[in-house]
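In: Sequence first, then the predicted structure, then my questions.
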Amino acid sequence: MRIAVLSGKGGTGKTFISVNLAVAANNACYVDCDVETPNGRLFLDDGSECAVRKTTVLSPMFDKDACTGCRACVDFCAFGALALVGGTPLLFDEVCHSCGGCLMVCNYSAISEQPRQIGQTESSMRKGLHVLSGRMDVGQSSGIPVIQDLLAQANNPLIIIDCPPGTACSAAECARHADYCLIVAEPSLYGTHNLQMVHEMITALDKPCGVVMNKVVDLENPAEQYCAQQRLEVFTRIPFDRDLARDLAEAKVMVEEDEEYRLLFHSLLERVQGQVMA
Ligand code: SF4
Ligand code: SF4
């Protein structure tokens, strides 16, 4: 069972929810797919040995002797990753999407492919929890190959996917692989807008979803109104709490620190699993 934890923006509490859900479960895998800013490991790194693996993609390589300078590859590349310089294609690595199209349109067998590293994945164990996290290299155009590499390594019965924030392709890629999407929302107008964006993306992917309301204060809550209008189930409401913020800043795993949170996350996990099984 794959549960994707999403939010419309960073700082909503997505990693807090993901990490604690994963620790609350038995024999689970936590996958940090927020590959631009992976921080789940800050909570889960207990110094255990960590296996590092490179993530590579294929990049075109040009044979100057075989190339006639016909421009077919340059004209084909929709990403603007090629320019003809001195009669030979010049590749801009960072914007190449490794689609292989230039290779297909070259009639002179002047293009081959070579692996190029764009990031890495890290795998370790923490008290029975499989911890996977990925990181894309600075300047790369897409973290999706790192995400795909991570998800291919996750094979526990329960997988909690800590998704990238927002609704870009990388978040959609995570949701696409999930059985259920859990949206973490904040009770503000801005939070409601972000909730709506994520909800629309998940709806377009035809995935079931529910909501965790985080940082709840005793004021008007437009995010709750949105959930009621859309008939979105709100599984739990976590109050805004300065003590919790301090504990999280100290990278504490709350289900291990506080009985109240242990019960909250066990109940949340049970209810989400119940939805998937229903
Ligand atoms: S399509 Fe082939 S021959 Fe034409 S410019 Fe590109 S590499 Fe050279
Ligand atoms: S592999 Fe695709 S994106 Fe990269 S240079 Fe070739 S056509 Fe452009």
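Out: All right, it came through fine. Numbers count the residues shown, from 1 in each chain. Ligands and ions are numbered 1, 2, ... in the order given.
In: For the stretch 101-250 of the chain, what lies in contact range of ligand 2?
Out: Taking CB under 6 Å from any ligand atom as the contact definition, the stretch 101-250 of the chain meets ligand 2 at Gly101, Cys102. All C-beta spots, glycine's among them, are computed from the backbone N, C-alpha and C.
In: Spit out the contact partners of the residue in the stretch 101-250 of the chain that ligand 1 sits nearest to.
Out: Scanning the stretch 101-250 of the chain for the residue nearest ligand 1 gives Cys106, at 3.3 Å (criterion: CB to the nearest ligand atom). By CB atoms under 8 Å, 6 or more residues apart in numbering, Cys106 lies in contact with Ala72, Cys73.
In: Count the neighbours of Pro145 for me.
Out: By the measure other CB atoms under 10 Å, the count of residues near Pro145 is 20.
In: hmm, I was thinking of Ala78
Out: Neighbouring residues of Ala78 were enumerated by other CB under 10 Å; the total is 9.
In: got a list of what it touches?
Out: By CB under 8 Å, 6+ apart, the residues touching Ala78 are Gly101.
In: And Phe76, by the same measure?
Out: Taking CB under 8 Å, 6+ apart as the criterion, Phe76 is in contact with Gly101, Cys102, Val105.
In: Can you name the residues of the stretch 101-250 of the chain sitting close to ligand 1?
Out: Of all the residues in the stretch 101-250 of the chain, those in contact range of ligand 1 (CB under 6 Å from any ligand atom) are Val105, Cys106, Tyr108, Ala110, Ile111.
In: and the fourth one, backbone torsions?
Out: Ala110 adopts backbone torsions of phi -100, psi 0, taken as degrees, to the nearest 10.
In: Pretty sure it sits against Gly69.
Out: No: look at Ala110 against Gly69 with CB atoms under 8 Å: they stay out of range, at 9.5 Å.
In: higher neighbour count, the two?
Out: More neighbours surround Ala110 than the other of Ala110 and Gly69, with 23 against 14 (other CB under 10 Å).
In: Look up how far His199 lies from that one.
Out: According to CB to CB, to the nearest Å, Ala110 and His199 sit 48 Å apart.
In: now do Glu49
Out: Glu49 sits 40 Å away from His199, going by CB to CB.
In: quick one: which of the two has more around it?
Out: For Glu49 and His199, the more surrounded residue by other CB under 10 Å is His199, and the numbers stand at 22 against 7.
In: Secondary structure element holding that one?
Out: helix 189-204 (DSSP states H and E).
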